[in-house]
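[1] this is a predicted model, with the sequence first.
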Amino acid sequence: MLVLSRRPGEEILIGDDVRITVLRTSGGCVKIGIDAPKSIPIRRMEIVTREPREDAWREETALSPIGR
C-alpha cells in the first residue's frame, strides 16, 4: 500500500486516466474527487461487501409473487 499526504487542491494521478483530487479535509474526514473513464467502475468498499446480500434480496423479490 502506498501512503501519501496531500493537501486540499493537490492531486494524485493513477496511470494515465485516473485523477484523484483532495477537495477538502475536516477533522478526521477527507473529501475526494475522482475523475476516471466511465469504463472503470468506482465503488465504495462498504457497498462492495454488502452487494451479495442485496443481490440475493433482489432475486428473491423478483421471484416472489408479492414482489411483482
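    That came through fine.

[2] correct me if wrong, but Ile40 is in a helix.
    No. Counting by DSSP: H, G, I helix; E, B strand; the rest coil, Ile40 is not found in a helix; it is coil.

[3] from here on, call the first residue 31.
    Sure, I'll start numbering at 31, so the last one becomes Ile70.

[4] surely it meets Val48?
    Yes. At 6.7 Å, Ile70 counts as touching Val48 under the criterion of CB atoms under 8 Å. Where C-beta positions appear, they are placed from N, C-alpha and C, glycine not excepted.

[5] show the low-confidence segments of the chain, by residue range.
    In the predicted model, the chain carries pLDDT under 70 at residues 81-98.

[6] going on from the host helix or strand of Arg54, what's the next piece of helix or strand?
    If you go by DSSP states H and E, Arg54 is part of strand 48-56. Proceeding N to C from strand 48-56, the next assigned helix or strand is strand 59-65, under DSSP H and E.

[7] surely Arg36 meets Val52?
    Yes. Assessed by CB under 8 Å, Arg36 is found in contact with Val52 at 4.5 Å.

[8] picking up where we left off before, partner strands of the strand holding Arg54, with direction?
    Using DSSP bridges, strand 48-56 pairs in its sheet with strand 41-44 (antiparallel), strand 59-65 (antiparallel).

[9] buried ones in that strand?
    Ile50, Val52 (16 or more other CB atoms under 10 Å).

[10] what does it contact?
    The contact list for strand 48-56 (CB atoms under 8 Å, 6 or more residues apart in numbering) reads 36-44, 60-67, 70.
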